[in-house]
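A.B. asks: build me a structure from this.
(2 chains)
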Amino acid sequence: MSRKDLTVKIGELKTDIGSVKNLEFSIGKIVGEKWTEPMGPTPFPSLTGLREWDMKLLQRYKPFYMPFCDLCCLCTFGKCDLTGNKRGACGINMQAQQSRMVLLACCIGAATHTGHARHLLEHLVSKFGRSFPLDVGGLSIQVEAPTIRLVCGVKPQTLADLEEVLDYAEKQITHLLSVAHTGQEGNNLDFESKVLHAGMIDHVGMEVADIAQIAAYDFPKADPDSPLVDLGFGTIPADKPVILVIGHNVVPSIGIIDYMKQYGYDGKVEICGLCCTAHDLTRYYNRGKIVGPISWQLRFIRSGIPDVVVLDEQCVRADAFNEAQNIKTPVIATSEKNCMGLPNRTNDPADATVEELVTGKIPGALILDPDKVGEVTTKLALKVAPLRKKFKVLPNTSEIIEKAKECTQCNSCRRACPQDSRIPKAMKEAAEGNLEKLADLYDSCVGCGRCEPACPVGLKIHSYIVKAGEKKLTEETYKIRVGRGAIQDIEIRNVGSPIVLGEIPGVVGFVGCANYPKGGIDVADMCREFAKRRYIVVTSGCAAMSAAMYKDEDGKTPYEAYTGEFAAGGIVNVGSCVANAHIAGAAIKIANIFAKRPLRGNYEEIADYILNRVGAVGVAWGAYSQKAAAIAAGFWRLGIPVIVGPHGTKYRRMLLGRADHQEDWCVYDARTGEEAYAGPAPEHLFCAAETKEEAMVMIAKLCMRPNDTSKGRAIKLTHYLDLHRRLYGTMPEDIHLFVRTISDIPITMKDEIIKILEDKNWNETVIPDPTLLPRMVRKRKE
Amino acid sequence: MATAEPWQTAEVPGPKKALVVTKPEVVAAMINRAKRPILIVGHKAAETTFEEGKLVDYTIELAKKAKIPIVATAHTVKEFLKREYKPASWMPAVDIGNRLSDPTWCGLDGKGQYDLALVTGLPYYMEWTILSGLKNSIPSLKTITLDNVYQPNASWSFPNISRKDWTRDLKIILEKIGTE
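C.D. replies: Here you go, the predicted model:
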């Protein structure tokens, strides 16, 4: 179905009651049938449209609240102390308040992706026209927008078709945000239901953004062999003018690339990026380079290499402008959402603006026209580079040693550091001439820079760490496979059966940001481990970059060592944050393309299918942002569990199952209508792991699904038991909960496991055709 | 100097903050009086080294002497097993936090909820959030952190103390177990 504006023009109309001439009127929107699939029950669901499904999830995966603040300070009644679930002046209690804060975070996340999509779409429509076709994979992709089809019940074919999708998303976000106002929702689970709604809307926004840019900019279209490009600090040549772009909205970067190509600067000026803009510029231009994840902002700017810093939107440090000023590098802000206090030069002649910036009359400029950004930035880089001569603010070694002697060992830096890094000890050794301990801190530093303002004597601690770790920094030369976008329908057909039956043990998505507890190497390690085990590994965002920052004994990065196919043993980079839509999309397409479940406006059934049959797990090991919260919420509603690192507990609540509550794990057997115990699979919907080792065991466990065949369950159990024994030194305590019949037991461990089962008084159970939806039961109990 | 401020400076929770353990004997007395204590040990217990052994070794001694079941979180169980000590259970830290927050939970042995949870060896911020969950959901459960940094969300916590003072205090706790 598509909705179109209908305009009727009547030249002359005569009726019994009179006549009219030149009448023109618009009906607004009509519904036109172009898609033969019947409409499902929930197209364009409202805030409560999927509430029953949400409550099914929330009854099983109850919130465990861990308030990050005991107060509410959102209205003038407050501050209110909600400690111990006390009620505030408005009547809200602690549980509802925590869910309300999660909702706010998810609204921010969903609004950010949807706002990004809106700006992008407006630009693309102005550039390419409303009727520009949405080709995201040629003949390889028939289901071009699985989330949009599922949620909205529409099949977008042109850029214009995405406008109504965004209209819907924006309306929902407005309503959702209004729910957080004082005196609206009062029940924690209803807040949680709206969190899930915000997450679903976030995925709609992401899908709009990514399919629009793939189609219009001709990004790789579901290409498993998308090119390998350079990643890492060491790949950026310091002898050329360098333009650094930071953020997520690639439009201004494309303005720069187009200008460089058109005027012959391609190869003479380097363009590199940080965070998701970097992903997307390499999808457009494979000579572009990725410096690294979000946490590389300070270290790269302070190195003095960038000659112009271009900021777009999202995850840009608020002090990026100040940092750039310190290295005498002009800044071009390019987004209405992130103007940085700079004068608006959008309507000024490019050469005049370049002159102002080169002479230092203005330190930076806001330019909202991407083509003009291209011209100004390129000309500026060429003129500024010889003047600034890569001026940097990183100290030399002897300066660090001298400054370290001023350290009073007060611990303020350590207490400000999210990693609790032993900075004072490293400073003490530095004062004695040994920078090794400072260099060691480089590996786990998240680049937040909080150590510096905390220092009472003003030491530039982050710069010292970066300088001490300079050798590692300059040796960062890796390859990453360019974000490929969607998963092909044929790939889904090939893996659908083995995934649903459990023979491919799982799909593991490493997504999100870089607030890692012990450095990005953990992500690379986990990716390799699960690819070696023949899981399908999918990556996106900063996690996709971290996955690349490792070389094996042959000097190969994971993207060189493993295929980019969506297949067992593949490591598949889908692209930037908004490309996360393709990970959810792959799960949806398994239900639709492989299992032939109707997709159109049929959210509950598809989510029920995924929850019970598709062994997919998301891992946001360094999640920090509100966008990450919204992305996770979108996966939860689809029945896909998400694991976060230990910093993820700061999201205020987990959604945890209780394996010891047998009654929570009953499903309907769709064949008979009988209720059946299906075991705690997946055990949790949102869970923080304390260490990489725990995350790995948890991934293997959370890939189990009630629908696994015995062969599939035996394969999944093999990985779970093997990882548990290797990393925990023993067999898991809960094996009996995941063995349904003797045939589920991995053959190589049969005797050992049977003995455990006997000790646990285990009884065989049936393998149901699982569903949580009574309407999916094919035969009712007599 | 020992201070009763959150170790991570900005981790300020609200008006209800942990009572400060100035005398380790108080901790021993609370353990002695507890009817159903439990000890949660995170992975940092295997990374924290004293002059004699590691924090994980200390928790084994404490658990044996006070007859407290240990729940090892993350992969810490491996360290216990290396020392030929089998913890009562092992599970993710948020999982044991979730169970403890449930007043109807019957405990690891099915004999009922716990009245005292001792916690140590988790990353500071993770312990902070889990203790917040317990503080705000189950007033009947008292919590004590055995770490040497102030955890405002516990019922009782050491202030931020030196490794030397911490070692001394932990020894005193062990000595005083079972003396009432």
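A.B. asks: what segments of the stretch 251-400 of chain A are strands?
C.D. replies: Counting by DSSP state E, counting those that start in this stretch, the stretch 251-400 of chain A has these strands, from start to end: A:270-274, A:289-292, A:308-311, A:331-333, A:364-366.
A.B. asks: what stretches of chain B score poorly on pLDDT?
C.D. replies: Low-confidence segments of chain B (pLDDT under 70): B:1-2, B:180.
A.B. asks: any regions of chain A where pLDDT drops low?
C.D. replies: Using pLDDT under 70, chain A drops low at A:1-33, A:779-782.
A.B. asks: so in it, which helix runs the longest?
C.D. replies: For chain A, the helix with the greatest residue count under DSSP state H is helix A:94-128.
A.B. asks: enumerate the positions of that one that are buried.
C.D. replies: Buried residues in helix A:94-128, counting neighbours by 16 or more other Cβ atoms under 10 Å in any protein chain shown, are found at A:94-121, A:123-125, A:128. Where C-beta positions appear, they are placed from N, C-alpha and C, glycine not excepted.
A.B. asks: same for chain B: which of the residues you listed are within range?
C.D. replies: Within the set of those, contact with chain B (Cβ under 8 Å from any Cβ of the partner chain) is found for A:M94.
A.B. asks: any idea whether the closest residue to chain A within chain B is helix, strand or coil?
C.D. replies: Using Cβ to the nearest Cβ, B:G14 is the residue of chain B that sits closest to chain A, at 2.7 Å. Secondary structure, DSSP: H, G, I helix; E, B strand; the rest coil: B:G14 is coil.
A.B. asks: now swap in the one 3 residues further on and tell me
C.D. replies: Classification of B:K17 into helix, strand or coil gives coil, according to three-state DSSP.
A.B. asks: quick one: secondary structure of the spatially closest residue to it that is not a sequence neighbour?
C.D. replies: Once flanking residues are discounted, B:K17 sits nearest to B:P152: 4.3 Å by Cβ to Cβ, 6 or more residues apart in numbering or on different chains. What three-state DSSP gives for B:P152 is coil.
A.B. asks: A:G679 reaches A:D734, doesn't it?
C.D. replies: No. Assessed by Cβ atoms under 8 Å, A:G679 is found out of contact with A:D734, at 9.4 Å.
A.B. asks: and those two? which has more neighbours close in?
C.D. replies: Neighbours per residue, other Cβ atoms under 10 Å in any protein chain shown: of A:G679 and A:D734, the larger number sits with A:G679, 25 against 17.
A.B. asks: helix, strand, or coil at that one?
C.D. replies: Here A:G679 is coil, with the state taken from three-state DSSP.
A.B. asks: spatially nearest residue to it (excluding sequence neighbours)?
C.D. replies: Excluding the flanking residues, the one nearest A:G679 by Cβ to Cβ, 6+ apart is A:L737, at 5.2 Å.
A.B. asks: I'd like the next helix or strand past the host helix or strand of the one you found.
C.D. replies: Element membership of A:L737 [criterion: DSSP states H and E] is helix A:735-738. As assigned by DSSP H and E, the chain's next helix or strand after helix A:735-738 is helix A:750-759.
A.B. asks: that next one close to chain B?
C.D. replies: No. Contact between helix A:750-759 and chain B is absent, the nearest approach being 14.0 Å (criterion: Cβ under 8 Å from any Cβ).
A.B. asks: hmm, who's touching that helix?
C.D. replies: Outside helix A:750-759, the residues that touch it by Cβ atoms under 8 Å, 6 or more residues apart in numbering or on different chains are A:M731, A:I735, A:H736, A:V739, A:I742, A:I745, A:P746.
A.B. asks: and what of stretch A:317-334?
C.D. replies: For stretch A:317-334, the surrounding residues in contact (Cβ under 8 Å, 6+ apart) are A:246, A:249, A:251-252, A:297-298, A:301-302, A:304, A:306-312, A:339-342, A:357-358, A:363-368, A:370, A:373, A:376-377, A:380, A:384, A:388, A:391-393, A:449.
A.B. asks: ends of that stretch, what's the gap?
C.D. replies: 15 Å (Cα to Cα, to the nearest Å).
A.B. asks: may I see the buried residues of it?
C.D. replies: Neighbour counts using 16+ other Cβ under 10 Å place A:317, A:320-321, A:323-325, A:327-334 of stretch A:317-334 among the buried residues.
A.B. asks: please convert those to CSV, extending it with distance to B:K176.
C.D. replies: Below are the buried residues of stretch A:317-334 laid out as CSV (distance: Cβ to Cβ, whole Å):
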residue, distance to B:K176
A:R317, 50
A:A320, 55
A:F321, 58
A:E323, 53
A:A324, 59
A:Q325, 59
A:I327, 59
A:K328, 63
A:T329, 62
A:P330, 66
A:V331, 62
A:I332, 66
A:A333, 63
A:T334, 65
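A.B. asks: so how far is A:P349 from A:I246?
C.D. replies: A:I246 sits at a distance of 26 Å from A:P349 (criterion: Cβ to Cβ, to the nearest Å).
A.B. asks: which residue ranges of the stretch 101-250 of chain A form strands?
C.D. replies: Remark: strands assigned in the stretch 101-250 of chain A by DSSP E, counting those that start in this stretch are A:228-231, A:242-246.
A.B. asks: what pairs with the longest one, parallel or antiparallel?
C.D. replies: Right, strand A:242-246. Next to strand A:242-246 in the sheet, as set by DSSP bridges, lie strand A:270-274 (parallel), strand A:308-311 (parallel).
A.B. asks: now do the helix or strand A:N573 falls within: distance to the chain's middle.
C.D. replies: Using DSSP H and E, A:N573 sits within strand A:571-575. Relative to the chain's own centre, strand A:571-575 is displaced by 12 Å; criterion: Cα atoms, centre = their mean, to the nearest Å.
A.B. asks: neighbour-wise, which of A:I246 and A:P349 wins?
C.D. replies: Per other Cβ under 10 Å, whichever of A:I246 and A:P349 has more neighbours is A:I246, with 31 against 12.
A.B. asks: can you give me the strands in chain B?
C.D. replies: For chain B, applying DSSP state E gives strands covering B:19-20, B:37-41, B:70-72, B:89-90, B:116-120, B:142-145, B:156-157.
A.B. asks: from B:P6, how far off is A:V537?
C.D. replies: 38 Å.
A.B. asks: actually A:L121, not the one I wrote
C.D. replies: 45 Å.
A.B. asks: likewise A:F635?
C.D. replies: Separation of A:F635 from B:P6 (Cβ to Cβ): 32 Å.
A.B. asks: give me the nearest residue to the most centrally placed residue in chain B, chain neighbours excluded.
C.D. replies: For chain B, the residue nearest the mean C-alpha position is B:V119 (1.8 Å; Cα atoms, centre = their mean). Setting aside the residues directly before and after it, B:V119 is nearest to B:I40 in space (Cβ to Cβ, 6+ apart), at 4.7 Å.
A.B. asks: quick one: contacts for A:A670?
C.D. replies: Going by Cβ under 8 Å, 6+ apart, A:A670 touches A:P768, A:D769, A:P770, A:T771, A:M776, A:V777, A:R778.
A.B. asks: leaving out sequence neighbours, find the closest residue to it.
C.D. replies: A:D769 (4.2 Å).
A.B. asks: tell me how many other residues surround the one you found.
C.D. replies: Quick note: A:D769 (other Cβ under 10 Å) scores 19 neighbours.
A.B. asks: which ones are touching it?
C.D. replies: Going by Cβ under 8 Å, 6+ apart, A:D769 touches A:D669, A:A670, A:R671, A:N707.
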